[in-house]
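*Asks:* below is the sequence, then the predicted model.
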Amino acid sequence: MFIAQAMIDGLLQGGVYALMALGLSLVLGVLRIINLAHGNLVLIGMYTSYYLFALFGIDPYVSMLASAVVGFLLGYIIQWLVLNPITGAPEEMAVLVTLAIGLIIQNLLLTVCGTDYYTVDTSYRLETIMFQGLRVDLPKLLAFLSSLIIVGGFFLFMEKTDIGRTIRAATDNREAALLMGVNVRRIYCLAFGVGTVLATLAGSSISTFIPTSQDAGVLFTMASFVIVIAGGIGSHKGLLLGGLLVGVLEEMGTLLFSGSLKQVMSLGLLVIILLVRPQGLFGKEA
Amino acid sequence: MKTRTVYILSYSLLLALFLTVPIWAGSYVLEILIIALWLGFLGSCWNIIGGYGGQLSIGHGTFVGIGAYTSSLLFNLYGITPWLGSFAGAILSAAVGLGIGFLCFRFKVRGIYFALITMAIAEIAKLWFEHMELVGSTGGLFLKSVHGPSGPAFFQFETKWPYYLIILGMLVAVLLICFLLERSKMGYYLKAVRGDEDAARCLGVSAFRCKCIAMCISSFLIAFGGTFYAQYRMYIKPDLLMGIHFSVELVIPTVIGGWGTVLGPVLGALLLIPLAEFSRMLTDIIRNTFHTTGLKGFQLIIYGLILIVVIRFMPLGIVGLWSGLRRKKASVKYAKD
Amino acid sequence: MLRIEQVTKTFGGLTALMDVSFDVSAGRIKAVIGPNGAGKTTLFNILSGLMHPDCGSIFFDGADITRNIPEKNARIGIGRTFQITRPFLNMTVLDNVMIGALASSPKIQAGRERANEILELLDMKRLAHLFPGSLTVEDRKRLEVARALALQPRLLLLDEVMAGLNPAEIEAFKKILNGIRAAGTTILLIEHVLHAVLSLSDEIVVLNYGQKIFDGEPKDLVRNEAVIKAYLGTDFM
């Protein structure tokens, strides 16, 4: 009984995790950047939604638009100013730079917003639906559904639009794209922008059921990495399944350990996967 | 040789200068220097696997924590002096470090994946300690016994200057170890592994063994830093020393100063800590409401900015910049021939 | 000294080596030639231990080294160079060579002396304190050889050490290689510079699409039909 409840919670959470990880996956695939600041980008989305809610009463699902704009601009600028100039540097250097970016974002939030935990107290925050004797939290359900829609929209975007196709082309073959006159640097900025948008959108929906605080960035980063690596870099299926897997694992973790220890499950999974099967479940050669 | 004597003389002078600090410096300056030297120590220990070994570990806080908790527990529960307890902590830390290194290097985990594993392990360790009854049932906080045995025999001092001298001594010891390591066969081999692991292996270098040894030494030494902190503050908490956050903090000064060099970590720490203190004072003036000593927001932003600038323009750190200039001079001469 | 028996290696759908067998006798220079993609570098990777064959065996002085790791092979006397030079960019030329020397001379001072000797031998003394990044192609290739030599190898695997060199440089290298052979080291080399190969080698093996199509002396090579077909279009003097 408890297991079934944990499964439901885990699956719903997992859907949102998949959206969150998608941004990381995009950046990793296109830009080959291990973005350790990813979780902090999610936080940007959370804080944006929180403040728009607290100051103007706008629901996070509406303010998602603002969140997306902020995310895109921020991502574009970061790539343009900081990451583009170091393209081609050894990967450890790039990692340290993203670490620095994350540090800056986190501490900006800390300095400006403080250490408090902020709750987006929407009218439906505590609503639940009973389904077959199992409790379904409404905010989580909404988050899950919106994540699916956004993920679907993203895949359409990559398949059908010119920008999407150019990004995919630049991913598959950078030299060819360069030769064809594509402004690769601009594509990189667009790609990072889109990746950040996915992160901030995830953040907005997460803010409806998880308190917003500046120290959660690291957890989101690690969770995203578990999903991307466990699912397999470059695999859409893997990403979605990875997200659901991590979501369920963490909820199972709350059954085994206390609630705040649930990250141990996903972190443990990360360690095992990295040791035993770094290409993940569905990935191509790492 | 003449240049050698110049070096020995100048470093001796520098050391002498540092030794005299307690005489003329006030408590505040001592405090800052102690923290700076401590971070320099931690960074130098990390440097052995991170800089010389070339394996980016973002989880060394784990070992600092193991060192701090082991000696503190042995003191709290059994009255064992931390002077001895620190060795127990170091040995335990080395065992864990070796275990992690063994698993990772055996499974060919390199580069960024190694960083991710160390990060994951650091967080797991922190979470574990935060829920461990033994180290404090109230959510993992841990208070050192202030009512037990005390005094210098138990690594407790009334004033700051003994702590200063101890950490200075520890730092000099690690620097010497790094200096000797650089010039040893192991040092050359580690450098080769850093340069090109496969090519090194084809020249008889057992990369696996070298990396494991480096990891072992690094985690062994850094544990002493944990004990020092515990004795200095008489209070430790998991998120102070363990987890990703602190692990990142102890790496930054080393990268900025120059990783893979002897003096890089110290240089970085001596530059950044006063800078951090300065910016903290600045924020205190600007925002009177921020009164807590724990709020470290602003200087980490400065750290981050400096880190980005350094990696962009001098990826080998400040020390690396200087040796890079020397290289240029030599190659210009070669081109002329 | 070296026996390669029915070595096969595939990568996914691509067969790099198919049932390749040949011997190398001690003290000889044997060349492995063939068009690009014929599997030569894969063979060297297997011989040095960076890769392992899917089937087949390698014997070195009678001992089975098929599954050995590179470090082990280096220590039992197999040295190699890389086709695209892989110097340790983070250390001087002298230190580069020292890495090889330290395998047999554990003390730093002894290792440094050996390294200096090798540099002397290859006329590289003036480069000792430079970094590989500032070397010319020829000097880099020499560094590759110097490093491998410092191991005091009994078998030296040279991967295209003469590619990209002008005739004068090639002559210089030929002298060096003959000197190495005279000192007792067996050489197995991959080369494209055919005239050098023909004059230098005692025996030649030709690989094409992963298979051995010739194994014998240079004078028989130029008349062999299969080889000429494989090399159709290639210029050799």
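*Replies:* Received the coordinates, thanks.
*Asks:* so for the strand or helix carrying B:Arg4, what gets flagged as buried?
*Replies:* Following DSSP states H and E, one finds B:Arg4 within helix B:2-24. Buried positions in helix B:2-24, judged by neighbour count with 16 or more other C-beta atoms under 10 Å in any protein chain shown: B:Phe18, B:Pro22. From N, CA and C alone the C-beta is placed, and that goes for glycine too.
*Asks:* got a list of contacts for it?
*Replies:* Outside helix B:2-24, the residues within contact range by C-beta atoms under 8 Å, 6 or more residues apart in numbering or on different chains are B:Val29, B:Leu30, B:Leu33, B:Lys160, B:Trp161, B:Tyr164, B:Leu165, B:Leu168, B:Val172.
*Asks:* give me the number of residues near the second one?
*Replies:* Using other C-beta atoms under 10 Å in any protein chain shown, the number of residues around B:Leu30 comes to 17.
*Asks:* mind listing what it touches?
*Replies:* Contacts of B:Leu30 (C-beta under 8 Å, 6+ apart): B:Val21, B:Pro22, B:Lys160, B:Trp161, B:Tyr164.
*Asks:* go on, the fourth one?
*Replies:* Under the criterion of C-beta under 8 Å, 6+ apart, the contact list for B:Lys160 reads B:Pro22, B:Ser27, B:Leu30, B:Glu31, B:Ile34.
*Asks:* could you export those as JSON lines, including secondary structure?
*Replies:* Formatted as JSON lines, the contacts of B:Lys160 follow (DSSP: H, G, I helix; E, B strand; the rest coil):
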{"residue": "B:Pro22", "secondary structure": "helix"}
{"residue": "B:Ser27", "secondary structure": "helix"}
{"residue": "B:Leu30", "secondary structure": "helix"}
{"residue": "B:Glu31", "secondary structure": "helix"}
{"residue": "B:Ile34", "secondary structure": "helix"}
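*Asks:* of all these, which two lie farthest apart?
*Replies:* Spatial extent of the contacts of B:Lys160 (C-beta to C-beta) is set by the pair B:Pro22 and B:Glu31 at 11.9 Å.
*Asks:* what's the neighbour count on B:Glu158?
*Replies:* By other C-beta under 10 Å, the residues close to B:Glu158 number 8.
*Asks:* how close does it sit to B:Trp38?
*Replies:* Counting by C-beta to C-beta, to the nearest Å, the separation of B:Glu158 from B:Trp38 is 19 Å.
*Asks:* repeat for C:Ile213
*Replies:* Distance of C:Ile213 to B:Trp38, computed by C-beta to C-beta: 68 Å.
*Asks:* how much space separates A:Leu274 from B:Gly258?
*Replies:* Note on A:Leu274: its distance to B:Gly258, by C-beta to C-beta, is 29 Å.
*Asks:* to clarify, my last question referred to C:Arg28.
*Replies:* 49 Å.
*Asks:* look at those two and report which has more neighbours.
*Replies:* Of the pair C:Arg28 and B:Gly258, B:Gly258 is the one with more neighbours under other C-beta under 10 Å, namely 26 against 15.
*Asks:* what distance do you get for that one to chain A?
*Replies:* Applying C-beta to the nearest C-beta, to the nearest Å, the value for B:Gly258 to chain A is 13 Å.
*Asks:* same deal with C:Phe88?
*Replies:* Going from C:Phe88 to chain A by C-beta to the nearest C-beta gives 15 Å.
*Asks:* pLDDT at that residue, what is it?
*Replies:* Here the pLDDT value assigned to C:Phe88 is 93.
*Asks:* I figured it hits B:Tyr189, correct?
*Replies:* No: here C:Phe88 does not reach B:Tyr189: they are 10.7 Å apart, not a contact under C-beta atoms under 8 Å.
*Asks:* got any residues that touch both of those two?
*Replies:* Common neighbours of C:Phe88 and B:Tyr189, using C-beta under 8 Å, 6+ apart, are B:Ala200, C:Ile99.
*Asks:* rewinding a little: would you list the contacts of B:Leu30 in JSON lines and tack on pLDDT and distance to B:Ile80?
*Replies:* Below are the contacts of B:Leu30 laid out as JSON lines (pLDDT from 0 to 100; distance: C-beta to C-beta, whole Å):
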{"residue": "B:Val21", "pLDDT": "83", "distance to B:Ile80": "31"}
{"residue": "B:Pro22", "pLDDT": "81", "distance to B:Ile80": "28"}
{"residue": "B:Lys160", "pLDDT": "82", "distance to B:Ile80": "24"}
{"residue": "B:Trp161", "pLDDT": "84", "distance to B:Ile80": "25"}
{"residue": "B:Tyr164", "pLDDT": "91", "distance to B:Ile80": "25"}
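*Asks:* tell me the one of the residues you listed nearest C:Leu94?
*Replies:* Relative to C:Leu94, the closest of those is B:Val21; by C-beta to C-beta it sits at 40.2 Å.
*Asks:* what pairs with C:Val205 across the strands?
*Replies:* C:Val32, C:Asp215 (DSSP bridges).
*Asks:* which ones are touching the closest residue to A:Thr87 other than its chain neighbours?
*Replies:* Leaving out its chain neighbours, the residue that sits closest to A:Thr87 by C-beta to C-beta, 6 or more residues apart in numbering or on different chains is A:Tyr188, at 7.5 Å. Residues in contact with A:Tyr188 (C-beta under 8 Å, 6+ apart) are A:Val30, A:Leu31, A:Gln79, A:Leu83, A:Asn84, A:Thr87, A:Ala170.
*Asks:* burial count for the residue nearest to the third one when sequence neighbours are not counted?
*Replies:* The shortest distance from A:Gln79 to any residue other than its chain neighbours is 3.7 Å, reached at A:Phe192 (C-beta to C-beta, 6+ apart). The tally of other residues near A:Phe192 (other C-beta under 10 Å) stands at 29.
*Asks:* do you know how far the nearest residue to B:Arg201 once chain neighbours are set aside is from chain A?
*Replies:* Nearest residue to B:Arg201 in three dimensions, chain neighbours excluded: C:Pro70, at 3.9 Å (C-beta to C-beta, 6+ apart). Per C-beta to the nearest C-beta, C:Pro70 is found 21 Å from chain A.
*Asks:* do I have it right that C:Pro70 meets B:Glu197?
*Replies:* No: C:Pro70 lies out of contact with B:Glu197 (C-beta under 8 Å); the separation is 9.9 Å.
*Asks:* all helices of the stretch 201-337 of chain B, in order?
*Replies:* Applying DSSP state H, counting those that start in this stretch to the stretch 201-337 of chain B gives helices spanning B:207-233, B:238-241, B:243-257, B:264-286, B:297-313, B:317-336.
*Asks:* turn those helices into CSV, columns for mean pLDDT.
*Replies:* Converted to CSV, the helices of the stretch 201-337 of chain B look like this (pLDDT from 0 to 100):
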stretch, mean pLDDT
helix B:207-233, 94
helix B:238-241, 85
helix B:243-257, 91
helix B:264-286, 85
helix B:297-313, 85
helix B:317-336, 71
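*Asks:* looking at residue 113 now. What's its pLDDT?
*Replies:* No chain in the question, so chain A it is. A:Cys113 is assigned 79 on the pLDDT scale.
*Asks:* the intended chain is chain B.
*Replies:* pLDDT, B:Tyr113: 89.
*Asks:* excluding covalently adjacent residues, which one is nearest to it?
*Replies:* Nearest residue to B:Tyr113, sequence neighbours excluded (C-beta to C-beta, 6+ apart): A:Leu274, at 5.2 Å.
*Asks:* which residues does that neighbour contact?
*Replies:* Counting by C-beta under 8 Å, 6+ apart, A:Leu274 touches A:Ile229, B:Val109, B:Tyr113, B:Leu116, B:Ile117, B:Ala120.
*Asks:* gap between the two ends of stretch C:82-99?
*Replies:* Distance between the two ends of stretch C:82-99: 16 Å, counting by C-alpha to C-alpha, to the nearest Å.
*Asks:* report whether it contacts chain B.
*Replies:* Yes: against chain B, stretch C:82-99 shows contacts by C-beta under 8 Å from any C-beta of the partner chain at C:Phe82, C:Arg86, C:Pro87, C:Phe88, C:Leu89, C:Asn90, C:Met91, C:Asp95, C:Met98, C:Ile99.
*Asks:* all strands of chain A, in order?
*Replies:* Counting by DSSP state E, chain A has strands at residues A:128-131, A:134-137.
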